[in-house]
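Visitor: sharing a model that was predicted from the sequence below.
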2 protein chains.
Amino acid sequence: MENLGKHVPIPLYFQIKTRLLELIENGQFKPGDQVPSERELTERFSVSRMTARQALTELESQGYLYRIQGKGTFVATPKLEQPLAGLTSFTEDMRRRGLAPGARVLTAQEAPAGKKAAKLLGIAETATIFRLERLRLADGEPMALETSHIPVALCPGLLEADFRDQSLYRILAERCDTRLVKADQSLEAVPATAYDAEMLHVREGTPLLLMERVSRDASDKPVEFVRSLYRGDRYRFTTELIRREESL
Amino acid sequence: MENLGKHVPIPLYFQIKTRLLELIENGQFKPGDQVPSERELTERFSVSRMTARQALTELESQGYLYRIQGKGTFVATPKLEQPLAGLTSFTEDMRRRGLAPGARVLTAQEAPAGKKAAKLLGIAETATIFRLERLRLADGEPMALETSHIPVALCPGLLEADFRDQSLYRILAERCDTRLVKADQSLEAVPATAYDAEMLHVREGTPLLLMERVSRDASDKPVEFVRSLYRGDRYRFTTELIRREESL
């Protein structure tokens, strides 16, 4: 039996969680390894089953562990690190990582822009856009739900392209000689709706990273508005910062 | 009664949600305005109470609406936009926005670094760090839970400083002539633990933005490791991207 600090003001479940996390971060538990069950933790730390469960549940909901019904609880692969600095496509990002990029096209249509896309793309609400909704896969696993909006006037005929395993950016370059060189982007944490959850194979309410991006060509014209929902349990965005001189 | 598209394959709750969202984004419903109740939506769109509730619940959990028990449902203030590009402190960010920054110090202690902070700060696990956990406030409202770790050897005596309404960066500059000029940073979406939820006045499981940052001085020495949990319903990070030339 291992000892927990029972006289310190740190909840027992939290102490167990911290111990398990250390073993994962040290590499003593590796991705795919089975971790001790609720019952084993109960005995090892002489705590209640509730306490052991809370430690495992929090580690699971934070993406460190995953459960397989009837088999046990296992260490998850670390989140994918995604540099925020470059304007790259999902296809490029996955290839760089050695994962096979894939896409399931959910919607491909020409439709009126509507208020939000019109405002962001600088076009009339009634202007026609090409709207492409894709489920993005890495080695077959759903990673992101991505909806692109492109004014049809900028690149006609996109409806005929095959978006299953090709980068939209490559298609834009090849068909329309359009290259995206800069973008404004935002990142938020949002709960998965019932639809998102079904598509991404997560539970409703699970935290997702919502990225919205307006990409422009060299003449500063907005070409694409894309709204992407990344799985929070699989993604981690990284960036490098430089301090501008200013008063503290 | 307004008509919904009952013969299109878009769920009715989603159509109501979209209508309400348009009214918010148009500015017809402004922050603080009361929106129609479940009962009013039920009549207006002739849908079931369940359908009306689902539309309101999703808008609430996405941070567009908030409920006051016994009073009704109201339009929330838009999320705070936080540029990711600059290495700025919470205090500076809030002042720039015209909000009064504040902090409740939850823990201020000297303690051994431990594995994670030691690795990120390039010090021994047994080296002493100053650990400062603060609840960050904007106009009195809890916005983020921030834990800073600073090697005591780099700036002794921080325990005596007053962190309630002063920037840690300013204190580091004034007391120890230490200026942070660059940082590596990551962003993730994580669910609020019971503790986070209590501190930030949100529900357990609510999506939070977890930011981890290692800041360095001009000689490239790591000075601070900070782990911040921002409320997902109140924060939105923005950034600007430039495409590096590379193959598509």
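Guide: Nice, I can see it.

Visitor: pull the helix or strand with minimum mean pLDDT from chain A.
Guide: strand A:80-83 (a mean of 71; mean pLDDT, DSSP states H and E).

Visitor: quick one: list the elements packing against the helix or strand just after it.
Guide: Heading C-terminal from strand A:80-83, the first helix or strand you meet, by DSSP states H and E, is helix A:90-96. Under the contact definition 3 or more Cβ pairs under 8 Å, 6 or more residues apart in numbering or on different chains; DSSP states H and E, helix A:90-96 sits against strand A:101-112, strand A:141-151, helix A:168-176. For the C-beta atoms, the positions are set from N, CA and C on the backbone; glycine is no exception.

Visitor: buried set for helix A:90-96?
Guide: A:Phe90, A:Thr91, A:Glu92, A:Asp93, A:Met94 (16 or more other Cβ atoms under 10 Å in any protein chain shown).

Visitor: now check the least confident helix or strand of chain A, is it near chain B?
Guide: Yes - counting by Cβ under 8 Å from any Cβ of the partner chain, chain B has neighbours in strand A:80-83: A:Glu81.

Visitor: what about that strand, distance to the chain center?
Guide: 9 Å (Cα atoms, centre = their mean, to the nearest Å).

Visitor: and it, which strands flank it?
Guide: As defined by DSSP bridges, the strand partners of strand A:80-83 come to strand A:235-242 (parallel).

Visitor: give me the distance from the strand it pairs with to the chain's centre.
Guide: Here the centre of strand A:235-242 is set off from its chain's centre by 14 Å, with Cα atoms, centre = their mean.

Visitor: which residue, other than its chain neighbours, is closest to A:Glu22?
Guide: Excluding the flanking residues, the one nearest A:Glu22 by Cβ to Cβ, 6 or more residues apart in numbering or on different chains is B:Lys115, at 6.2 Å.

Visitor: wait, the one you found sits on A:Glu25?
Guide: Yes - with contacts counted by Cβ atoms under 8 Å, B:Lys115 reaches A:Glu25, the gap being 6.6 Å.

Visitor: quick one, what contacts A:Ala113?
Guide: Going by Cβ atoms under 8 Å, 6 or more residues apart in numbering or on different chains, A:Ala113 touches A:Leu121, A:Ile123, A:Ala124, A:Glu125, A:Thr126, A:Ala127, A:Thr128, A:Ile129, A:His149, A:Pro151.

Visitor: the longest helix in chain A is where?
Guide: Assignment by DSSP state H gives helix A:12-26 as the longest helix of chain A.

Visitor: which secondary structure elements does that helix contact?
Guide: Using 3+ Cβ pairs under 8 Å, 6+ apart: helix A:12-26 touches helix A:38-45, helix A:49-61, helix B:114-121.

Visitor: switch the cut-off to 6 Å
Guide: When contacts are defined as 3 or more Cβ pairs under 6 Å, 6 or more residues apart in numbering or on different chains; DSSP states H and E, helix A:12-26 packs onto helix A:49-61.

Visitor: list the buried residues for the helix or strand following the helix it packs on?
Guide: Toward the C-terminus, helix A:49-61 is succeeded by strand A:65-68 as the next helix or strand (DSSP H and E). By 16+ other Cβ under 10 Å, the buried positions in strand A:65-68 come out as A:Leu65.

Visitor: name every strand pairing with strand A:65-68 and say which way it goes.
Guide: Sheet partners by DSSP bridges: for strand A:65-68, these are strand A:72-75 (antiparallel).

Visitor: please save the CA atoms from the partner strand in CSV.
Guide: Presented in CSV, the C-alpha positions along strand A:72-75 are these (Å, rounded to 0.1, in the frame of the first residue of the first chain):
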residue,chain,number,x,y,z
GLY,A,72,-9.8,-1.6,-18.7
THR,A,73,-8.3,1.8,-18.8
PHE,A,74,-5.3,2.7,-21.0
VAL,A,75,-2.8,5.5,-21.5
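
Visitor: what's in contact with that strand?
Guide: By Cβ atoms under 6 Å, 6 or more residues apart in numbering or on different chains, the residues outside strand A:72-75 that reach it are A:Ile24, A:Phe29, A:Pro31, A:Asp33, A:Gln34, A:Val35, A:Leu56, A:Leu65, A:Tyr66, A:Arg67.

Visitor: same list, those residues, but as JSON lines with distance to A:Ser219 and pLDDT please.
Guide: What follows is these, written out as JSON lines (distance: Cβ to Cβ, whole Å; pLDDT from 0 to 100):
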{"residue": "A:Ile24", "distance to A:Ser219": "49", "pLDDT": "87"}
{"residue": "A:Phe29", "distance to A:Ser219": "52", "pLDDT": "89"}
{"residue": "A:Pro31", "distance to A:Ser219": "46", "pLDDT": "87"}
{"residue": "A:Asp33", "distance to A:Ser219": "53", "pLDDT": "91"}
{"residue": "A:Gln34", "distance to A:Ser219": "56", "pLDDT": "93"}
{"residue": "A:Val35", "distance to A:Ser219": "54", "pLDDT": "93"}
{"residue": "A:Leu56", "distance to A:Ser219": "54", "pLDDT": "92"}
{"residue": "A:Leu65", "distance to A:Ser219": "49", "pLDDT": "89"}
{"residue": "A:Tyr66", "distance to A:Ser219": "47", "pLDDT": "86"}
{"residue": "A:Arg67", "distance to A:Ser219": "51", "pLDDT": "85"}
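
Visitor: out of those, which one sits closest to chain B?
Guide: A:Ile24 (11.2 Å; Cβ to the nearest Cβ).

Visitor: any stretches of chain A with poor pLDDT?
Guide: Within chain A, the stretches with pLDDT under 70 are A:1-2, A:6-9, A:83-87, A:165, A:243-248.

Visitor: which residues of it lie near chain B?
Guide: For chain A, the residues in contact with chain B (Cβ under 6 Å from any Cβ of the partner chain) are A:58, A:61-62, A:84, A:86-87, A:167, A:169-170, A:173, A:181-191, A:193, A:207-209, A:232, A:236-244, A:248.

Visitor: show me which of those residues are buried.
Guide: Neighbour counting over the residues of chain A next to chain B (16+ other Cβ under 10 Å) leaves A:58, A:61-62, A:84, A:87, A:167, A:169, A:181-183, A:185-191, A:193, A:207-209, A:232, A:236-237, A:239, A:241, A:243, A:248 as the buried ones.
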